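>>> Okay, here's the prediction I keep looking at, along with the sequence it came from:
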Amino acid sequence: MAKFVASTSMSVSAAVAEITGAMESAGMMLFATIDHGENAVNVGLDLPATVVITTGNPKVGTDLISSYPDLALELPPRLLVRETPQGTEVWLASVVESLARLAGAPSDPAAEKIDGRLSSIVATALHLDS
């Protein structure tokens, strides 16, 4: 399930640039950036700016997958950055919620750390923590 993280008046492309830069500065790996809006335009369709960022730390993710193999379907973690009528929103595919759904586990400190760290990086990148 997705968890709302933040909203900003930045454009989606500016927010993605700030978030990915902050992730790299924090030592996280950027695995993929999928621009669904651009992909829609490329096939003649219309979609508001919508980008998915896949990022993480293999040291943390590998340990979680070793303990909860089904979690491999949900890792590495993803952020959704999308344009809405109210501005740009950022959503997190919560690792804690995925763990509960797939493994029936109430929580795991590593999953909580991932969700918290990503939320914190987004807040810093979008200048929301001041």
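Looks like it came in fine.
>>> For this protein, just list every one of the strands.
Under the criterion DSSP state E, strands of the chain are mapped to 2-8, 29-35, 50-56, 78-84, 87-93.
>>> Distance to A17, mean neighbour count and mean pLDDT for those - can I get that in TSV?
For the C-beta atoms, the positions are set from N, CA and C on the backbone; glycine is no exception. Listed next are the strands of the chain as TSV, based on distance: least, C-beta to C-beta, whole Å; neighbours: other C-beta atoms under 10 Å; pLDDT from 0 to 100:
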stretch	distance to A17	mean neighbour count	mean pLDDT
strand 2-8	12	16	92
strand 29-35	10	14	97
strand 50-56	10	20	97
strand 78-84	10	20	97
strand 87-93	12	20	97
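>>> Between these, which one is closest to P69.
For those, the distance to P69 is smallest for strand 50-56, at 16.7 Å, taking C-beta to C-beta.
>>> Show me how far the closest one is from its chain's centre.
In terms of C-alpha atoms, centre = their mean, to the nearest Å, the centre of strand 50-56 is found 5 Å from the chain centre.
>>> report the longest helix in the protein, please.
Ordering each helix of the chain by length in residues (DSSP state H) puts helix 109-125 first.
>>> Just give me the residue right at the centre of the protein.
For the chain, the residue nearest the mean C-alpha position is L79 (1.8 Å; C-alpha atoms, centre = their mean).
>>> pretty sure it is touching G56, no?
No - contact criterion C-beta atoms under 8 Å: L79 and G56 do not qualify, at 10.6 Å.
>>> hmm, back to that, and for the longest helix of the chain, what's in contact with it?
3, 5-6, 15, 18-19, 21-23, 26, 28, 55-56, 60-61, 63-64, 77, 79, 90, 92, 94-96, 98-99, 128-129 (C-beta atoms under 8 Å, 6 or more residues apart in numbering).
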